[in-house]
Each structure stands twice: as structure tokens, then as C-alpha cells.
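J.: build the 3D model from these lines:
(one chain, ligands or ions: 2)
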Amino acid sequence: MELIDQLRAEHDLIEQVAGAFRTFARQRTRGEGDAADGARFMAFFRLYAGRFHHGREEDTLFVSLQRDAEIPGDRGPIAALLGDHQRMGGILDRLEPIVGSDPVAPEAEALTLDYTEQLWHHIDAENSVLLPECEHRLPRHGVRELPSRDLDADEAAACDDGRALLERYPPVHEPAILRGDGCVMCPAFVDNCEGLERAWWNEHEWDELDDHLASG
Ligand SMILES: [Fe+2]
Ligand SMILES: [Fe+2]
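T.: Residues are numbered from 1 along each chain as shown. Ligands and ions are numbered 1, 2, ... in the order given. Have a look, this model is predicted:
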């Protein structure tokens, strides 16, 4: 499904630019880097990651899951992922006025590290749970393709800027952040999401599991 392939490819870029944003924030705390690049990072996450990428997840993918595959939107993975979009947008709201300050604002690095760590966990959950499940589930409900759209001029400029920032502020390996696949690795699984099976599986799918277990 083309939209899902696009979302996956976009995750690859967003994930890397998130790493670059962390490098930038740490450099700024040390008095290094260029304060003006803060606004460029902000444009990338607002316009490319937010308006373009999260936008198509919300207005196309999540809509189709609810409308065509009868997946609940008010609980489980969709509610958790929508909550992530909103919470991460809230961190950007707090970061926006200070991200380009010179000298650096004391809380800018912590907010940047928090935002990007949440974004990484969000991408892991979508790549390992949401997108594979959509590829499997939507065609069973007759949905073989979903509409997408091109970047508009502002989003395309933000995307190009993100790639340039990635060269300028190379991400570093961060072994302290535990990343991984599946619901058990998703922070929402502990807080407000009961996991894919409980939220999305229908009676027939549970019966299939019972049959599978019974047959050994
Ligand atoms: Fe998302
Ligand atoms: Fe995403």
C-alpha cells in the first residue's frame, strides 16, 4: 500500500532528524552550533513531521481504520497515537519561543531531549505495530490503496532543511534509550492502551487463537 510505504520512509527521515535535533540542543548548551538553526528544526517538525506526516496518518489512515475496518478510535492504539501527536505538539509549543535563543535558554535541551525521545518511541510503535497491522487488516476490508498527497512548497522546504541539518548536526548512538518493537515496548501500553489484541481483535480472531492453541 503506497501510503504506508510513504509513511515508513518518512519515519526514517524524521527519526534521523530527531537525532540531529538532540545533537543541536547539546551543542547549544555548550555554546556551540548556530542558534538560528533552532527555527529550521522547528519548521521541520511542525511542517514535515506534523502537518504533512502526522496529518496524513490522522486524516487518512486512522479514518480508514475506523470507517472501513471498524477499529475503535477512542481507545487502544489509535487513541494512544493521537494522544502522542497532541502531547508532542504541546512540547513543541513550549520549545518554539526558546529554541533559537542566544544565549541558550536553560530548559531548551531538556525539552528537546524529551520531545525527540517520545518521537522515537512513537515511530517504533507505528513501524512495528500500526503499519504492519494496517497492511494486513485493511485489505481484508477491501481497502487496497489509500489516498495520499504531495508535499506543499513549505513542507518541501522544511524537508530539504531537515536533510541539511542532518549533515550539520550528525546524530549520535544513544544506548541509554531503550527502543524496540511491539506493544510491550510502547510507553502507552503501561499507561492508557491495553494493546493491539485487546483493542482490535474481534471474536473470530480470538477464536482462531483458541483453535491454534488447542491444536498445539
Ligand atoms: Fe504518528
Ligand atoms: Fe508516523
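J.: got a list of contacts for the lowest-mean-pLDDT helix or strand in the chain?
T.: In the chain, the helix or strand scored least confidently by mean pLDDT, DSSP states H and E is helix 203-214, which has a mean of 78. Helix 203-214 is contacted from outside by residue 197, using CB atoms under 8 Å, 6 or more residues apart in numbering. For every residue, glycine as well, the C-beta is placed using N, CA and C.
J.: and if you look at stretch 35-45?
T.: Residues contacting stretch 35-45 (CB under 8 Å, 6+ apart): 17, 20-21, 24, 28, 92, 95-96, 99-102, 104, 108, 115, 154, 157-159, 161-162, 164-165, 168-169.
J.: could you redo the last one with a cut-off of 6 Å?
T.: 17, 21, 96, 99-100, 102, 158, 161-162 (CB atoms under 6 Å, 6 or more residues apart in numbering).
J.: just give me the closest of the residues you listed to residue 134.
T.: Among the contacts of stretch 35-45, residue 17 lies closest to residue 134 (CB to CB), at 23.9 Å.
J.: so is residue 56 in a helix, a strand, or just coil?
T.: helix (DSSP: H, G, I helix; E, B strand; the rest coil).
J.: so how far is residue 208 from the nearest residue to residue 116 once chain neighbours are set aside?
T.: Nearest in space to residue 116, with sequence neighbours left out and distances taken as CB to CB, 6 or more residues apart in numbering, is residue 18 at 4.1 Å. Between residue 18 and residue 208 the distance is 38 Å, computed by CB to CB, to the nearest Å.
J.: and if you look at residue 154?
T.: Distance from residue 154 to residue 208, by CB to CB: 47 Å.
J.: could you do residue 111 as well?
T.: 45 Å.
J.: higher neighbour count, the two?
T.: Using other CB atoms under 10 Å, the more surrounded residue of residue 111 and residue 208 is residue 111, with 18 against 12.
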